[in-house]
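[1] Could you look at this predicted model? Sequence included:
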Amino acid sequence: MNNPSQILNPRLRKLRRLLRRPRESHARRHRRPRLRFSPAAWAKLLYLRDRGPTEVGAFGLAAADDLLYVEELRLVGQQCTAVSVCFDDTAIAEFFEEQVERGRTPEQFARIWIHTHPGGCPLPSQVDEETFARVFGRCDWSVMLILAKEGQTYCRLQFTRGPGAAFEIPVRVDFERQFPQSDHQVWAAEFDATVSHESFWTANPLAQALFLEDAELLANEFDNPFEVVPPGKGPILP
Ligand SMILES: [Zn+2]
């Protein structure tokens, strides 16, 4: 009796063989995009996150042949609070110019936006979403990565060409390529030269208005407490 697989036409046989192979699904899983960091770039991100009490923003510099592999991080001049990062326009222009002079393409230095959250939640705030849409909305593709205090991450890859798409992708440290060693001294100097802290209250006009209103109310209420307290019943000052 003939073996049934010999009776099937060759195309069907090939299809069966492909469907049987577990290797195929394995290979597909590895093709899923993920954002990978050199160990030095990841160590620098952790260091920057923990150096101050505020958020810190950076650009990921990617390898020319692997645009989702972050080789290095670069800070640019920025005003930071505990809930926001505001890059300085001139500093960004200078950073871009410098990168072009070094022979990098915008795809390598202006697509991966990274920032830290000093709290435990890595989810993007409304301000983050607005910034991402405003600054990176015209790029073919871009990535927003947020690293929170305890190591939680949120990473989203978005495409704006054609029908557009956006999805969360995993973040990994990749040890397989050569990488430079860590350098806290250099990182500290870069941090000090670029990051300026602002209090949330002074940076946020709404908070400031509320705060000032409260301050006024408090002042009106307690301007001179001695006036409203009958003589002899006032607080006793030391
Ligand atoms: Zn944020």
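    Okay, I see it. These numbers come from a predicted model, not from an experiment. Residues are numbered from 1 along each chain as shown.
[2] contacting residues for Gly77?
    Shown in contact with Gly77 (C-beta atoms under 8 Å, 6 or more residues apart in numbering): Phe87, Asp88, Thr90, Ala91, Thr194, Ser196. Where C-beta positions appear, they are placed from N, C-alpha and C, glycine not excepted.
[3] Show me the beta-bridge partners of the residue nearest the centre of the chain.
    Nearest to the geometric centre of the chain sits Ile114, at 2.7 Å (C-alpha atoms, centre = their mean). For Ile114, the beta-bridge partners under DSSP bridges are Ala58, Leu145.
[4] mind showing which ranges of this structure have poor pLDDT?
    Under the criterion pLDDT under 70, the flagged ranges of the chain are 1-8, 21-30, 199-238.
[5] Which helix or which strand is home to whichever residue of it sits closest to the ion?
    For the chain, the residue closest to the ion is Asp128, as judged by C-beta to the ion, at 4.0 Å. For Asp128, the host element (DSSP states H and E) is helix 126-136.
[6] need the strands for the protein, in chain order.
    For the chain, applying DSSP state E gives strands covering 35-37, 57-63, 66-74, 78-81, 84-87, 112-117, 141-148, 153-159, 165-168, 171-173, 195-197.
[7] Would you format these as CSV with distance to Gly103 included?
    Shown next, in CSV, are the strands of the chain (distance: least, C-beta to C-beta, whole Å):
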stretch, distance to Gly103
strand 35-37, 22
strand 57-63, 12
strand 66-74, 14
strand 78-81, 25
strand 84-87, 23
strand 112-117, 18
strand 141-148, 21
strand 153-159, 25
strand 165-168, 30
strand 171-173, 26
strand 195-197, 27
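[8] just curious, which of the contacts of Gly77 is nearest to Leu12?
    Phe87 (58.0 Å; C-beta to C-beta).
[9] was I right about the closest one contacting Glu55?
    No. In this structure Phe87 lies outside contact range of Glu55 using C-beta atoms under 8 Å: 11.6 Å.
[10] Name the residues of stretch 157-164 that come out as buried.
    Buried residues in stretch 157-164, defined by neighbour count with 16 or more other C-beta atoms under 10 Å: Leu157, Gln158, Thr160.
[11] I meant to write stretch 73-80 there.
    Leu73, Arg74, Leu75, Val76, Gly77, Gln78, Cys80.
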